[in-house]
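Q: Let me see the structure of the following:
(one chain, ligands or ions: 1)
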Amino acid sequence: MIILKSKEEIEKMRKAGKLVAEVLSEIARIAVPGVTTKELDSVAERLILESGGRPAFKGYQPDFIRCGHFPATLCTSLNNEVVHGVPDERALKEGDLLSVDTGVELDGYYGDAAISIIIGKGDPEAERLLEVTRGALEAAIQKCVPGNRLSDVSHAIQSFVESRGFQVVRRFVGHGIGRSMHEDPPVLNFGEPGKGPVLKPGMVIAIEPMVNAGTYEVDASPDYWPVYTRDGKLSAHFEHTVAVTEDGPDVLTAPIAITADRK
Ligand code: MG
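A: So this is what the prediction gives:
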């Protein structure tokens, strides 16, 4: 069941979303060669706790699969890792493609967003993969207007990505969000347009294209975290929490600064 949110609830979600955006901006700023993903995770956790939030991923256990609790505040997925990477002692290297996903619960409401960045200077193919994934998210957000169907959002992602020579991951999808991190409806990153629920003001969804440079096939580790591309090629991930309003799409996790002094 899709739970519509009141304007007051959307404002609460914007506060959670703003904290997510601040955390991701800071992570993008400090993610330089030599820093470990575990160090990034500590910074993120501290920022969230200091702001009165709760890291929503830490301790999370999906109910659709048998696996352990997710142990960290951030998902840090490097290069051929698609999503659900666990922060560890690996130091970032020049040219690494790092996807960072985080969720926050603040005052009972959730925000969820992800970015992908290249550490230092990346190769042109990696840069293009990021550009296309971000572009697919932008195209999807533009479809979040009342009267459209949910699969118009999905189709916008798939057509944007495939027309540029990349592939969208099928196995993992976006989701409704509100007083729970994962609500109905699932938000697929592929499909024919004109299908599924009609978008209405008050619907809030986390849209999260995962885009692979090669095949869309992925495999999960035995303990479920992380997920890898089957062919070992690069993968990128961008996500925003977006409210459908009478005035059009309202991005609740904006703005995320991913430039800053990353040298
Ligand atoms: Mg999400």
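Q: in the sheet, who's paired with the residue in the stretch 51-200 of the chain that the ion sits nearest to?
A: Nearest residue of the stretch 51-200 of the chain to the ion (CB to the ion) works out as residue 112 at 4.2 Å. Backbone N, C-alpha and C define where each C-beta goes, glycine included. Beta bridges link residue 112 to residue 103, judged by DSSP bridges.
Q: for residue 91, same thing?
A: Beta-bridge partners, per DSSP bridges, of residue 91: residue 36.
Q: For it, which residues are in contact?
A: 33, 34, 35, 36 (CB atoms under 8 Å, 6 or more residues apart in numbering).
Q: Please report phi then psi for residue 49.
A: phi -70, psi -40 (degrees, to the nearest 10).
Q: What is the neighbour count of it?
A: 12 (other CB atoms under 10 Å).
Q: Identify the residues contacting it.
A: So residue 49 contacts residue 55 (CB under 8 Å, 6+ apart).
Q: what's stretch 23-34 in contact with?
A: Contacts to stretch 23-34, defined as CB under 8 Å, 6+ apart, come from residues 40, 43-44, 47-48, 74, 91-94, 98, 100, 102, 104, 113-115, 117, 119-120, 256-263.
Q: Mind checking which of those residues are in strands?
A: 74, 98, 100, 102, 104, 113, 114, 115, 117 (DSSP state E).
Q: Tell me how far residue 100 lies from residue 154.
A: Distance, residue 100 to residue 154, by CB to CB, to the nearest Å: 24 Å.
Q: again, but for residue 165
A: 19 Å.
Q: Sketch out the helices for the stretch 101-250 of the chain, chain order is fine.
A: For the stretch 101-250 of the chain, the helices defined by DSSP state H, counting those that start in this stretch cover 124-142, 150-162.
Q: Beta-bridge partners for residue 76, please?
A: Assessed by DSSP bridges, residue 76 has beta-bridge partners residue 100.
Q: wait, what's in contact with it?
A: Neighbour list for residue 76: 37, 40, 41, 85, 86, 87, 98, 99, 100 [criterion: CB under 8 Å, 6+ apart].
Q: switch to 7 Å and redo it
A: 37, 40, 41, 85, 87, 98, 100 (CB atoms under 7 Å, 6 or more residues apart in numbering).
Q: This completes my enquiry, with thanks.
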